[in-house]
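Chemist: Predicted model follows, preceded by the sequence.
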Amino acid sequence: MQDEVIHSMKEEISNTLSSLKIDLAKLRTGRANTSMLDGIRVDYYGTPTPLNQCVNMTIADARMIVLKPWDKGIILAIEKAIREADLGINPQNDGEIIRLPIPSLTEERRKAIVKQAKGRGEDAKISLRNHRRDANDMLKELEKDKSISQDDLKRALETVDLEIKTSTTEVDSILSRKEKEILEL
């Protein structure tokens, strides 16, 4: 019984960490990265469609993303969607492809992005604490129902704490790597 609770908590922790990685990948770092365009939806003939499902994305160099639409009729819709996403990128349309030059980040903007990253990291830590609370509550309920002994409860609670401590360290590691990437010139 307690193994199921711990297994469930580990899955939730894994989901939280992968969600944090995806969120941080969307933050601008001053380098071309197609994942920063992941949340953009294009009005594709009346249907909001993810950008990556209607263009071919390539990275031309460290500061340039090139988008080649599969249908040239939606170039203006793509350009509009990118502008509305407010990424600080000004699309350049030549009728065939859209170039997205990634401007250099100012020191002030870099610090603001690091602050955003730390906020997302704190959200992940809060989520981890919530997972710990939920698992502890379930384990205590099992002990209360006499499904597990007090010794099993104590061992399971220690396992839960160890998992959360390890995961919190992983969040800090992910954040420090992202911070280093953002502050790198």
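Modeler: Structure received. Numbers count the residues shown, from 1 in each chain.
Chemist: can we go C-alpha only for contacts and neighbour counts from here?
Modeler: Noted.
Chemist: What strand or helix carries the residue positioned nearest the centre of the chain?
Modeler: Nearest residue to the geometric centre of the chain (CA atoms, centre = their mean): Asp23, 1.7 Å. For Asp23, the host element (DSSP states H and E) is helix 2-25.
Chemist: Go through that helix and flag the buried ones.
Modeler: 2, 5-6, 9-10, 13, 16-17, 20-21, 23-25 (16 or more other CA atoms under 10 Å).
Chemist: Quick one: those residues as TSV, columns for distance to Ile98 and pLDDT too.
Modeler: Shown next, in TSV, are the buried residues of helix 2-25 (distance: CA to CA, whole Å; pLDDT from 0 to 100):
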residue	distance to Ile98	pLDDT
Gln2	54	83
Val5	50	88
Ile6	48	90
Met9	44	93
Lys10	42	93
Ile13	39	94
Thr16	34	94
Leu17	33	93
Leu20	29	92
Lys21	27	90
Asp23	25	86
Leu24	25	86
Ala25	22	82
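Chemist: ok, so of these, who is nearest Lys111?
Modeler: Leu24 (14.5 Å; CA to CA).
Chemist: give me every residue that touches that closest one.
Modeler: Ala117, Arg120, Lys178 (CA atoms under 8 Å, 6 or more residues apart in numbering).
Chemist: quick one: the helix or strand hosting the first one to helix 2-25, angle?
Modeler: Ala117 is part of helix 107-144, with elements assigned from DSSP H and E. Counting by axes from the mean of the first three to the mean of the last three CA atoms, to 10 degrees, helix 107-144 points 170 degrees away from the direction of helix 2-25.
Chemist: Give the next helix or strand downstream of helix 107-144.
Modeler: helix 150-183.
Chemist: angle of that following helix against helix 107-144?
Modeler: 170 degrees.
Chemist: Could you report the pLDDT at the residue lying closest to Thr29 once chain neighbours are set aside?
Modeler: Excluding the flanking residues, the one nearest Thr29 by CA to CA, 6 or more residues apart in numbering is Ile182, at 4.7 Å. pLDDT recorded at Ile182 is 83.
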